[in-house]
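*Asks:* what's the 3D shape of this:
(chains A and B)
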2 protein chains.
Amino acid sequence: MPKTVTAAMLAIGDELLSGRTKDRNIGYLADFLTLKGIDLKEVRIVADDEAAIVEALNALRERYTYVFTSGGIGPTHDDITADAVAAAFEVEIDHDPKAVDILLTYFQEIGREPNEARMRMARIPKGASLIDNPVSRAPGFQMGNVFVMAGVPKIMNAMMDDVAKRLTRGIPMVMRQIEFRGGEGDCAKPLGEIQKRFPAVVIGSYPFQAADGFATNLVLRSRDSDALEQAFDAVRAMAADLTQQGKARGWS
Amino acid sequence: MPKTVTAAMLAIGDELLSGRTKDRNIGYLADFLTLKGIDLKEVRIVADDEAAIVEALNALRERYTYVFTSGGIGPTHDDITADAVAAAFEVEIDHDPKAVDILLTYFQEIGREPNEARMRMARIPKGASLIDNPVSRAPGFQMGNVFVMAGVPKIMNAMMDDVAKRLTRGIPMVMRQIEFRGGEGDCAKPLGEIQKRFPAVVIGSYPFQAADGFATNLVLRSRDSDALEQAFDAVRAMAADLTQQGKARGWS
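*Replies:* Model prediction:
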C-alpha cells in the first residue's frame, strides 16, 4: 500500500462566518494538495477567537501530517493567529530578527513608517521558521507541522509556493470521470456493486440537471492505476448496459 | 444583553476535500443566518466517512444551538449521511412512511421506477421530522437540533426556506462599513483603541489593493445600534485625522 500523507486546513476569520467574505482558500488548497498526492481530510473555519483557534489547532495537528492555516496574521487588533499558535504550542512569541529585517527593508522601500502596529507582523512564535511572502513581504511561518499563512487569497497562494518545498509528497490519486446521462437512482445499484469489487478505487456520484434531463458525473479516484482502469471499464460497461435497457440516454 | 443563538455547519463530501467541487453552501448559510440574527460560530468539512461525520456531529450538536449539514443524502453508495446521523444519535434508521409517500408520488409523476436505490432516500432516523425539498422532492430531515440537507446548492438553499420557520431568531447584528484609503498598518493603533472603547462592537479590518494603493475595509458589527453608531463616528473621525496627517488618502 502506498504511504499516505494527510492534511487539514484551518481557516480563521469572523468575516468567513458572517458571510461578508466568501472563502476561496479552501478550494485552492484542496486542488494544490491533490496534485501533491496529499489527502486533505478535514477543514475547519473558526472565528478570530483565541480559545477556538487553539482548540482546533491542537485537535488537527495531533491527527494529521500537516495543518495549513489561513487568516489573522496582519497588523490589527483582530489579527491574533500568531499568538494563538504560540499558545497552542506553549511557546513564547516575540519579534523575530529575520522578520524584523524583512519588514524594515520593505517599509523603507515603499516609504512607510515602521510603526508598532506594522512591526507586530514580525512577531513569530519561538522555534518557528518563516514562510516567504513575495506579495506584501510580511512572512507566514511554520511551527512544527503547522503552516501559518495570510487570508488574502493572492498572498496565501503565493506562500504555498514556499511551503510546497517543505512537504513530503504522497502518490497522487489519479482521477477518471464519466458523464452518465441518467439519474443517480438509475445507476446507484450497479455502481455500488462496482465500488464493492474495487475497494482501492473511490467512486463518487454527483448529480446535475442537464439540458435534456437528469445527469450524473461519476468520478473514480485511486492511487492504483490498474484498479482504476478496470473499475473505469466496469463503469463504462454499466453505462452502456443501462443505455441499452433504456434506463439512460447515454454517457460521454 | 440580547440572547444569542449559535450555529455550526458540517459540510460532507469527498468532492469538497479533493477540490473537485468548490463549496458554495457555506457562504450561503453564513449570509442566511446573519440575516436571522443567528451566529455561525464554526464550520467543518469532512469526507464521506461515517466515523468522521459522527464525531464532528456529536462535537457540534453539543456545543451550538443548531447544526446544519449539507451533502450525502442521495441514493448512491457514497451517500451515508442519514446512517451517520442515526449512529450519532444512537437511534434506528428505516424507511419513513411519509418520505416513502412523497417519493412514490414523485417517481410516478416523472415516470421513474421506484427502485431500491431511489427508495433509500426515504430512509430517515427514528424521531426525525422531514424537511421539504421543492426541487427534487427527496426530503431532508431534522433530528433534534440538527438539520440535514442536500449538498446540491439549489436544493440546499430551497430546503433552508422550510428550515427557517423552525429556527429561533436572534437579534440581528447591524453592520457599518467604511472604505479607508490607507493601509491596515496606518490605522491599526487608533483602530485597536476604538475597539477597546466599544466592546459591544466587533471591528474587523480587511486590506485590499485599490487602483491608487493599499486600502482597507473597516467593518463594524453590533447588536447594540447606539454603540455601533458611536463606534462608527469614532472610526470616521480617525480616518479624517489620518487623512489630515497625510497618512491616508481619504475614505468613503
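
*Asks:* what sits against A:Arg176?
*Replies:* With contacts defined as CB atoms under 8 Å, 6 or more residues apart in numbering or on different chains, A:Arg176 is in contact with A:Val219, A:Leu220, A:Arg221, A:Leu228, A:Glu229, A:Phe232. Backbone N, C-alpha and C define where each C-beta goes, glycine included.

*Asks:* what does A:Lys154 give?
*Replies:* Residues A:Val135 are the ones in contact with A:Lys154 under the rule CB under 8 Å, 6+ apart.

*Asks:* Phi, psi for it please.
*Replies:* Main-chain torsions, A:Lys154, degrees, to the nearest 10: phi -60, psi -40.

*Asks:* and if you look at A:Ile73?
*Replies:* The phi/psi pair for A:Ile73 (degrees, to the nearest 10) is phi -120, psi 20.

*Asks:* same check, this time on A:Val201
*Replies:* With angles defined as degrees, to the nearest 10, A:Val201 sits at phi -110, psi 130.

*Asks:* so it makes contact with A:Arg223?
*Replies:* No - at 9.4 Å, A:Val201 does not count as touching A:Arg223 under the criterion of CB atoms under 8 Å.

*Asks:* Ranking by neighbours, what's the top pick from the contacts of A:Arg176?
*Replies:* Neighbour counts for the contacts of A:Arg176 were taken using other CB atoms under 10 Å in any protein chain shown; the highest belongs to A:Leu220, with 24 neighbours.

*Asks:* Where does that residue fall, secondary structure wise?
*Replies:* A:Leu220 belongs to strand A:213-222 when assigned by DSSP states H and E.

*Asks:* Number of residues surrounding A:Glu112?
*Replies:* Careful, residue A:112 is Arg; it's not Glu. Residue crowding around A:Arg112 was assessed by other CB under 10 Å; the count is 16.

*Asks:* Which of the three states applies to it?
*Replies:* For A:Arg112, the secondary-structure state derived from DSSP: H, G, I helix; E, B strand; the rest coil is coil.

*Asks:* Greatest separation within the contacts of A:Arg176: which pair is it?
*Replies:* Every pair in the contacts of A:Arg176 was compared (CB to CB); the two farthest apart turn out to be A:Val219 and A:Glu229, at 14.8 Å.

*Asks:* Give me the packing partners of the lowest-mean-pLDDT helix or strand in chain A, helices and strands only.
*Replies:* Scoring the helices and strands of chain A by mean pLDDT, DSSP states H and E places strand A:250-251 at the bottom, with a mean of 92. Taking 3 or more CB pairs under 8 Å, 6 or more residues apart in numbering or on different chains; DSSP states H and E as contact, the helices and strands that strand A:250-251 lies on are strand A:174-181, helix A:225-244.

*Asks:* so which strand or helix has the residue nearest to A:Lys22 when sequence neighbours are not counted?
*Replies:* The spatially closest residue to A:Lys22, leaving aside those adjacent along the chain, is B:Gly27, at 4.1 Å (CB to CB, 6 or more residues apart in numbering or on different chains). Using DSSP H and E, B:Gly27 sits within helix B:25-36.

*Asks:* Send me that helix as PDB with only the CA atoms.
*Replies:* Once non-C-alpha atoms are left out, helix B:25-36 reads as follows in PDB (Å, rounded to 0.1, in the frame of the first residue of the first chain):
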ATOM      1  CA  ASN B  25     -23.200  26.300   0.700                       C
ATOM      2  CA  ILE B  26     -21.100  27.700   3.500                       C
ATOM      3  CA  GLY B  27     -21.300  31.300   2.200                       C
ATOM      4  CA  TYR B  28     -25.000  30.900   1.500                       C
ATOM      5  CA  LEU B  29     -25.700  29.600   5.000                       C
ATOM      6  CA  ALA B  30     -23.500  32.300   6.600                       C
ATOM      7  CA  ASP B  31     -25.500  35.100   4.900                       C
ATOM      8  CA  PHE B  32     -28.800  33.400   5.700                       C
ATOM      9  CA  LEU B  33     -28.000  33.000   9.400                       C
ATOM     10  CA  THR B  34     -26.600  36.500   9.700                       C
ATOM     11  CA  LEU B  35     -29.900  37.900   8.500                       C
ATOM     12  CA  LYS B  36     -31.800  35.800  11.100                       C
END
